[in-house]
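Got a predicted model here, sequence first, then my questions.
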Amino acid sequence: MMMMGKTWAEMGSSIAGLMFVLATLQQFFPHQLRTTLQEFLLAKLQQLSFVQKWSDRMVSFFSPHICITFPEFCGYQYNEAFTAIETYLSFKSSSKAKQLKASLVKDFKSLVLVVDENDIADEFNGFKLWWTLSVPKTQAVYNEEMSYYKLTFHRHQREIITKQYLNYVLEEAKEIQARNSQRKLYTNNPSGSWNGYKRRYMWSHIVFEHPATFQTLAMDPKKKEEIINDLIAFSKGKEYYAKIGKAWKRGYLLYGPPGTGKSTMIAAMANLLNYDVYDLELTTIRDNTELRRLLMETSRKSIIVLEDIDCSLDLTGRRKKMKEKMEDKETDPTKAGLTENEETSKVTLSGLLNFIDGIWSACGSERVIVFTTNHKEKLDPALIRRGRMDMHIEMSYCKFEAFKVLAKNYLDVESHNLFGKIKGLLEESNMVPADVAENLMSKSDIKDVESCLENLVQSLERDIKQKAKLKSEKNVFRPRHKFSYWVKFRNKIPTSSRMSTV
Ligand SMILES: Nc1ncnc2c1ncn2[C@@H]1O[C@H](COP(=O)(O)OP(=O)(O)OP(=O)(O)O)[C@@H](O)[C@H]1O
């Protein structure tokens, strides 16, 4: 093998040498001589490449080993086999490895050691095999090179490795992932920051640790049950979606005033389904192509969230407004108050529609898409029609059933003599769960149920008074414009009774 390596190295340098001579010839020799010499050298070069190609084939023919590679990406899509192998190797071989990395999982309860080596040996049914991790050395712009795992084994074990060992690795990885399940919260990097790096940097992530569950979510219990059932049916619906010929994904539109629990609901969904969350910031995305690439790089079993969709992108009026702004400021984006990304973002409504249910959206499955908005009426109907956003969920003001959940969460009480009064006040007021929760939070370490509930009663009473005051102010006739009011008023007075000047 050593000899073979030496021969290859020599052959490689001969080829490089010939290439150099060819390049030099072009500069210094007369045309006639140059052509003859060039033809001669090219023929030599072809002979050498031919020999090298055949020597490669001979080596692979006589080598007793077979290699399988598992790249990090297949096209634009993340290769989940890569992650599975990474998980398997990290946890399996940590007892033998000499270099380890430590990290904490599950609320600092346990320390996990993972392998930090590029060559790992493994054994299966008494056979030896080797894994090698290859990582690109450069981070060039649009680097097509990517990380991959290479598995090498003896050709006699081909059947057992391809049919049994690889399945075993995937199953083990699943189990390890379930045991140490750490869900992730991803956010897309602004175009500018990922442009110069490898594709893997399109999303950044942290461990997702939001504690909200449907149990702690304050809302009408019937509505809550309906949503839970819908989510569970979706997560078990692989065969159903295949049977009806629909991509396995579902859209939810959460709408309602601020503080009604839309973000809390998303966290509860993720915790119920055990999915990762991708928080997509539309305003930093350059164009529809980038949007599609982001989608391609999400994993299955995930919730893709577009919060405050009406604010993130005014899909109809925004570009016009920007154009006006730019014209005002003589094409200087900074003077126009636009960020660099705003200036260049070209995500369109059709791009977004394609993202949700275009042909690309079917690549990768078991995905939930959630839009949130405070103003449903502002959204383009095409964006939220049934089929795209399958379920429209109104998150509303806190009523008694929702209050009971908050009282249980915050004060550990299920009944109290103030509950009756609170029920009545909640019916009359428009207080959002966030404000109710704020009142129920103890200001000291000791949970004083009585004073928390009293606080809430007072707040509700204030809220109702304010509501009544606003209503009465609205009812008073108020001209929109003082001048027009007086013109209107004057016109109502008969001409005869108006003062006239002679
Ligand atoms: N329905 C709810 N159940 C339980 N807690 C809630 C609920 N609504 C609000 N809260 C509490 O209020 C806080 C703010 O709520 P959240 O961010 O989920 O509201 P939101 O509707 O997403 O608001 P925004 O529209 O401003 O983003 C939460 O951290 C949570 O503690």
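Structure received.

tell me the domain ranges of this protein?
Using automatic domain parsing, the domain ranges for the chain come out as 12-63, 66-179, 184-394, 415-475.

Pretty sure residue 349 sits against residue 383.
Yes: the criterion here is Cβ atoms under 8 Å, and residue 349 meets it with residue 383 at 6.9 Å. The way it works is simple: take the backbone N, C-alpha and C, and place the C-beta from them, glycine included.

of those two, who's got more company?
residue 383 (20 against 13; other Cβ atoms under 10 Å).

Could you give the number of residues near the closest residue to the ligand within the stretch 251-400 of the chain?
Closest to the ligand within the stretch 251-400 of the chain is residue 261: 2.7 Å, counting by Cβ to the nearest ligand atom. As a burial measure, residue 261 scores 24 neighbours (other Cβ under 10 Å).

Report the separation between it and residue 67.
52 Å (Cβ to Cβ, to the nearest Å).

can you check residue 406 too?
59 Å.

Which positions within stretch 462-476 qualify as buried?
Burial within stretch 462-476, assessed by neighbour count using 16 or more other Cβ atoms under 10 Å, is assigned to 463, 464.

typed the wrong thing, it's stretch 397-404
397, 398, 399, 401, 402, 403, 404.

Closest to residue 425 out of those residues?
Nearest to residue 425 out of the buried residues of stretch 397-404 is residue 403 (Cβ to Cβ; 9.8 Å).

Now do the strand or helix carrying the closest one: which elements does it pack against?
Counting by DSSP states H and E, the element that carries residue 403 is helix 400-411. Judged by 3 or more Cβ pairs under 8 Å, 6 or more residues apart in numbering; DSSP states H and E, the packing partners of helix 400-411 are helix 419-428, helix 433-440, helix 449-475.

among those helices, which is nearest residue 393?
helix 433-440 (14.1 Å).

what residues does that closest one touch?
218-219, 258-261, 397-398, 402-403, 406-407, 409-411, 452-453, 455-456, 459 (Cβ atoms under 8 Å, 6 or more residues apart in numbering).

Just the buried ones out of those residues, please.
Buried among the contacts of helix 433-440 (16+ other Cβ under 10 Å): 218-219, 259-261, 397-398, 402-403, 406-407, 410-411, 452-453, 455-456, 459.

Contact residues of the stretch 351-500 of the chain facing the ligand?
374, 395, 433, 434, 437 (Cβ under 6 Å from any ligand atom).

what about the third one, how many residues close to it?
When counting by other Cβ under 10 Å, one arrives at 23 neighbours for residue 433.

Quick one, grab the pLDDT at it.
Listed pLDDT for residue 433 reads 96.

What of the first one?
Residue-level confidence at residue 374 comes out at 93, pLDDT.

Number of residues surrounding it?
Residue 374 has 17 nearby residues by other Cβ under 10 Å.

For the stretch 301-450 of the chain, just list every one of the helices.
309-312, 318-328, 340-344, 349-357, 381-384, 400-411, 419-428, 433-440, 449-475 (DSSP state H, counting those that start in this stretch).

ok and the last one relative to helix 433-440, angle-wise?
Following axes from the mean of the first three to the mean of the last three Cα atoms, to 10 degrees, one obtains 140 degrees for the angle between helix 449-475 and helix 433-440.

Just the CA trace of stretch 244-261, in CSV.
C-alpha atoms of stretch 244-261 as CSV (Å, rounded to 0.1, in the frame of the first residue of the first chain):
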residue,chain,number,x,y,z
ILE,A,244,-55.6,10.9,0.1
GLY,A,245,-52.5,12.1,-1.9
LYS,A,246,-51.8,15.1,0.2
ALA,A,247,-48.4,16.3,1.6
TRP,A,248,-48.2,15.5,5.3
LYS,A,249,-48.4,19.0,6.7
ARG,A,250,-50.9,21.2,8.4
GLY,A,251,-51.4,24.9,8.8
TYR,A,252,-52.7,26.8,11.8
LEU,A,253,-53.6,30.5,11.9
LEU,A,254,-53.6,31.9,15.4
TYR,A,255,-55.2,35.3,15.6
GLY,A,256,-56.3,37.7,18.4
PRO,A,257,-55.1,40.7,20.4
PRO,A,258,-51.6,40.8,22.0
GLY,A,259,-51.3,38.9,25.2
THR,A,260,-53.9,36.2,24.5
GLY,A,261,-51.3,33.4,24.3
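
My reading is that residue 187 lies in a helix. Confirm?
No: using DSSP: H, G, I helix; E, B strand; the rest coil, the assignment for residue 187 is strand, not a helix.

what separates it from residue 284, distance-wise?
10 Å.

which one of these two has more residues nearby?
residue 284 (22 against 16).

burial measure for the nearest residue to that one once chain neighbours are set aside, as a count.
Spatial nearest neighbour of residue 284, excluding adjacent residues (Cβ to Cβ, 6 or more residues apart in numbering): residue 190 at 4.0 Å. Residues lying near residue 190 (other Cβ under 10 Å) number 16.

Quick check: the gap between residue 190 and the ligand.
21 Å (Cβ to the nearest ligand atom, to the nearest Å).

need the contact list for residue 134.
118, 147, 148, 149, 150.

run the last query once more with 7 Å
147, 148, 150 (Cβ atoms under 7 Å, 6 or more residues apart in numbering).

and the residues you listed, which are buried?
Judged by 16+ other Cβ under 10 Å, buried ones among those: 147, 148.

now the stretch 251-400 of the chain, which segments are flagged as low pLDDT?
Applying pLDDT under 70 to the stretch 251-400 of the chain flags residues 313-345, 359-364.

Swap in 80 and give it another go.
311-346, 350, 354-355, 357-365 (pLDDT under 80).

Could you pull out the strands in it for me?
276-279, 302-306, 367-373, 391-394 (DSSP state E, counting those that start in this stretch).

The longest one - contacts with which helices or strands?
Under the contact criterion of 3 or more Cβ pairs under 7 Å, 6 or more residues apart in numbering; DSSP states H and E, strand 367-373 touches strand 249-255, helix 262-273, strand 302-306, helix 309-312.

quick check: angle from that strand to helix 262-273?
Calculated by the same axes, to 10 degrees, strand 367-373 forms an angle of 170 degrees with helix 262-273.

contacts for strand 367-373?
By Cβ under 7 Å, 6+ apart, strand 367-373 touches 249-255, 262, 266, 269, 275, 298, 300, 302-310, 356, 379, 389.
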